[in-house]
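[1] From the sequence below, what's the structure:
(chains A and B)
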Amino acid sequence: MLRTIIRLRLKRFRRDRRGVSNIIVVALSLVIITLIVSNVVLWGYQMNQLDWERMREDVKITSVTRTTFASWFAVQNEYQINKGSRAGGTFMDTQADDSLYETFLEAQPAPAYAFEINGTFVTDVSTYPFAYISTIEIRLRYRVSSSEDTWFLLAYNWASGTYSNSGFNNTDGDPSPTMWDYYSINMTSQWRSYVRDDGTIYVKLCDEQALKGSTEPVPRARTSIDIDFLSVRVIGDWTTFTLRNDGPSTVHVVSLWVIDSENHSHYSADAVINSGETLPYLRVDVHLPCEPYAVKAVTEKGNVAVYSGA
Amino acid sequence: MKRLLRSRKAITPVLSNVLMMLIAVAGMSIAITATYVITANFHDIMGERFIVEDVWFRTSGISIYLRNTGKVPIRFSAVYINYTSQSFTPLELDVAGHGWLNVTHAWTANSVYYINIVTSRGAHVANYYKAPP
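    So this is what the prediction gives:
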């Protein structure tokens, strides 16, 4: 009996095609509507998140300063001693201006006491490209045991293939200091001849006997020389932007503006500042104007920090 | 066999079924395409964001530096200065793109201008800008 009823019902259902097609149409429509709505809702959620993150960004420019000197580039390895000998310390003692020093002695035998060492220094050409360097300075902090010598700093001229101080602001040398003293020279506008394309500079420190040979009076005593610091640095006209992120998320600064009454200069930037971090951001290609100016820093999400300077 | 070949009754249901299937497939294709177009449009409209980085009043006109901070490329379709449409150099920005939009407009010193920049999808950014002395 039951079997017969089910058979009859199924037969009717199979014959009635309208019901089936209605169900299919409704189901497909529901699928399409669900697709559209879910897509829109998801995309809306993403864009809301973007707006929310943008609102939470809090970046400030706390200062904008003109920067002239780069940090020091110290010697890379032990000095090559051409004349003389090492008496104590290592080249690492000459990398910082502190109480540690390396000691050398002039060459023997008497009477030709002479001293000459070479050191290799490498400037950071990626941070300080040649186009933005005005000159290069060499600084020496040292003392010697005898005051009868004169000391010279030279650099390897890559154009002529010799050590030279031609074009330096001081070619007369430094009289021997028996107390700790600084001796600085800069290469003026001739600096490019003394720097290899990869930023390498060979610096030579020598006394007068080594530099000029037998034409000079012979020193009476063998001198010892203590070198506390010997480094090079590049000099230019750059700008340091100090950026502070007071927001809860990391900020990516993508654009900088320096605006004065004449120009609106745009610079692409790539500075990432973590939450709560202050970042000194050096730009060697940015030159601050002499007149009052405004600086803008634009983040990737679209916020703008503004600073006024003079 | 002869009877089966002569009988035309079975052909009509087959044809009707095939036709129905074709119509259903075509209908679904249209529906899916429409879905794609509708959602893509929604995506694009909702994903548009841009900012004005700088406005420079120059002797040749007004230059506006724009940055696309949204998730879709942007084409700028209109610039209004004080509610008046202005001619400008066409500008399209890819995602994260940026560039100058040069508007031809004679400005006067110390005047305030309401600049409204509109994209092809209808997003707009508007603000007041004061011309320099």
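[2] Just give me the neighbour total for residue A:223.
    For residue A:223, the neighbour count with other Cβ atoms under 10 Å in any protein chain shown is 23. C-betas here are computed from N, CA, C, even on glycine.
[3] so the residue nearest to the spatial centre of chain A, which of the three states?
    Closest to where the C-alpha atoms of chain A average out (Cα atoms, centre = their mean) is residue A:127, at 4.1 Å. Here residue A:127 takes the coil state, with states given by DSSP: H, G, I helix; E, B strand; the rest coil.
[4] Phi first, then psi, for it.
    Backbone torsions of residue A:127, given as degrees, to the nearest 10, read phi -80, psi -40.
[5] Pull up the residues of chain B that are close to chain A.
    Applying Cβ under 8 Å from any Cβ of the partner chain, we find that chain B lies next to chain A at B:28, B:31-32, B:35, B:38-39, B:42-43, B:46-47, B:49-51, B:53-54, B:56, B:63, B:65, B:67, B:69-71, B:96, B:98, B:132.
[6] Packing partners of the longest helix along chain B?
    For chain B, the longest helix by residue count, based on DSSP state H, is helix B:11-46. Judged by 3 or more Cβ pairs under 8 Å, 6 or more residues apart in numbering or on different chains; DSSP states H and E, helix B:11-46 is in contact with helix A:17-56.
[7] what about the helix it packs on, near chain B?
    Yes - Helix A:17-56 lies within reach of chain B by Cβ under 8 Å from any Cβ, at A:28, A:32, A:35-36, A:39-40, A:43-44, A:46-47, A:50-51, A:54.
[8] any idea how far that helix is from the chain center?
    The chain centre lies 49 Å from the centre of helix A:17-56; the measure is Cα atoms, centre = their mean, to the nearest Å.
[9] Counting by contacts, list what that helix packs against.
    By 3+ Cβ pairs under 8 Å, 6+ apart, helix A:17-56 packs against helix B:11-46.
[10] buried set for the helix it packs on?
    Within helix B:11-46, the residues scored as buried using 16 or more other Cβ atoms under 10 Å in any protein chain shown are B:35, B:39, B:43-44, B:46.
[11] Report the beta-bridge partners for residue B:112.
    Beta-bridge pairing for residue B:112 (DSSP bridges): residue B:130.
[12] Next: residue A:81.
    Applying DSSP bridges to residue A:81 yields these beta-bridge partners: residue A:117.
[13] who touches the residue in the stretch 1-150 of chain A that chain B sits nearest to in this structure?
    Nearest to chain B in the stretch 1-150 of chain A, going by Cβ to the nearest Cβ, is residue A:39, at a distance of 4.2 Å. Contact analysis of residue A:39 by Cβ atoms under 8 Å, 6 or more residues apart in numbering or on different chains lists B:39, B:42-43.
[14] and it, what pLDDT?
    Per-residue confidence (pLDDT) for residue A:39: 82.
[15] So it versus residue B:32, what's the distance?
    13 Å (Cβ to Cβ, to the nearest Å).
[16] Please apply the same query to residue A:175.
    90 Å.
[17] can you tell me which strand in chain A is longest?
    The longest strand of chain A (DSSP state E) is strand A:224-245.
[18] for it, the distance to its chain's centre please.
    Using Cα atoms, centre = their mean, the offset of strand A:224-245 from its chain centre is 11 Å.
[19] so after it, what's the next helix or strand?
    For strand A:224-245, the following helix or strand on the C-terminal side (DSSP states H and E) is strand A:251-259.
[20] So which other helices or strands are in contact with whichever helix or strand comes after that next one?
    Of the helices and strands lying after strand A:251-259 in sequence (DSSP H and E), the nearest is strand A:264-273. Strand A:264-273 sits against strand A:224-245, strand A:251-259, strand A:278-283, strand B:50-58, strand B:61-68, with contacts defined as 3+ Cβ pairs under 8 Å, 6+ apart.
[21] buried sites along strand A:264-273?
    For strand A:264-273, a neighbour-count test (16+ other Cβ under 10 Å) marks A:264-266, A:269, A:271, A:273 as buried.
[22] Same question for stretch A:194-203.
    Neighbour-count burial for stretch A:194-203 flags A:194-195, A:199-203 (criterion: 16+ other Cβ under 10 Å).
[23] do the same with stretch A:163-180
    Burial within stretch A:163-180, assessed by neighbour count using 16+ other Cβ under 10 Å, is assigned to A:163-165, A:167-168, A:173-174, A:176.
[24] mind checking pLDDT for residue A:108?
    76.
[25] Quick check: the gap between the nearest residue to it once chain neighbours are set aside and residue B:118.
    Once flanking residues are discounted, residue A:108 sits nearest to residue A:222: 6.6 Å by Cβ to Cβ, 6 or more residues apart in numbering or on different chains. In this view, residue A:222 and residue B:118 are 84 Å apart by Cβ to Cβ.
[26] Repeat that for residue A:44.
    Using Cβ to Cβ, residue A:44 is found at 22 Å from residue B:118.
[27] and residue B:69, how many neighbours does it have?
    Counted with other Cβ under 10 Å, the neighbours of residue B:69 add up to 24.
[28] residue contacts, it?
    By Cβ under 8 Å, 6+ apart, the residues touching residue B:69 are A:54, A:300-302, B:49-51, B:96.
[29] so what pLDDT did residue B:113 get?
    Listed pLDDT for residue B:113 reads 96.
[30] measure residue B:131 to chain A for me?
    Separation of residue B:131 from chain A (Cβ to the nearest Cβ, to the nearest Å): 12 Å.
[31] Tell me both backbone torsions, phi and psi, for that residue.
    Backbone dihedrals for residue B:131, given as degrees, to the nearest 10, come out at phi -70, psi 150.
[32] Report the contact partners of it.
    Neighbour list for residue B:131: B:57, B:107-113 [criterion: Cβ under 8 Å, 6+ apart].
[33] now residue A:244
    So residue A:244 contacts A:59-62, A:273, A:277-279 (Cβ under 8 Å, 6+ apart).
[34] Give me the buried subset of these.
    Buried positions within the contacts of residue A:244, assessed by neighbour count (16+ other Cβ under 10 Å), are A:59-61, A:273, A:279.
[35] Up against chain B, what does the stretch 1-150 of chain A have?
    For the stretch 1-150 of chain A, the residues in contact with chain B (Cβ under 8 Å from any Cβ) are A:28, A:32, A:35-36, A:39-40, A:43-44, A:46-47, A:50-51, A:54.
[36] If we use 7 Å, what do you get?
    With the criterion set to Cβ under 7 Å from any Cβ of the partner chain, the stretch 1-150 of chain A comes near chain B through A:28, A:32, A:35-36, A:39-40, A:43-44, A:47.
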